[in-house]
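[1] coordinates only, no sequence provided:
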């Protein structure tokens with residue numbers, strides 16, 4: 001009888017582990033999607049650093 005109880009407890013732990021693994025995979029997919037959809041800061045900084053002097057030169061030319 002004790003073995004049956006332990007076997008049931010182990011089965012429950014395996015089920016919970018499987019559910020946790022599935023949730024982790026889902027969160028990883030959502031995080032990847034968020035990371036792909038945002039602008040990376042280094043690219044934005046490079047764009048601003050090029051746009052600033054370009055606008056200054058354009059204003060001097062007027």
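    In hand now; what should we look at? Model, not experiment: these values are computed from the prediction.
[2] measure the residue nearest the centre of the chain to residue 38 for me?
    Against the mean C-alpha coordinate of the chain, by C-alpha atoms, centre = their mean, the closest residue is residue 31 at 2.3 Å. Counting by C-beta to C-beta, to the nearest Å, the gap from residue 31 to residue 38 is 11 Å. Just so you know, the C-beta spots here come from the backbone N, C-alpha and C atoms, and that holds for glycine as well.
[3] please identify the helix or strand for the residue nearest to the centre of the chain.
    Assigned by DSSP states H and E, residue 31 falls within helix 2-37.
[4] what's around residue 7, how many residues?
    10 (other C-beta atoms under 10 Å).
[5] residue contacts, residue 52?
    Under the criterion of C-beta atoms under 8 Å, 6 or more residues apart in numbering, residue 52 has no neighbours.
[6] model confidence for residue 15, exactly?
    Note on residue 15: pLDDT of 96.
[7] er, residue 7 I mean
    So residue 7 comes in at 83 (pLDDT).
[8] what do you get for residue 20?
    Residue 20 carries a pLDDT value of 97.
[9] now the one 4 residues further on
    Residue-level confidence at residue 24 comes out at 98, pLDDT.
[10] now swap in residue 2 and tell me
    68.
[11] buried sites along the helix or strand just after the helix holding residue 31?
    If you walk from helix 2-37 toward the C-terminus, the next helix or strand you reach (DSSP H and E) is helix 41-61. By 16 or more other C-beta atoms under 10 Å, helix 41-61 has no buried positions at all.
[12] now do helix 41-61, average pLDDT.
    pLDDT averaged over helix 41-61 gives 87.
[13] what about that helix, distance to the chain center?
    30 Å (C-alpha atoms, centre = their mean, to the nearest Å).
[14] check stretch 10-26 too.
    Using C-alpha atoms, centre = their mean, the offset of stretch 10-26 from its chain centre is 21 Å.
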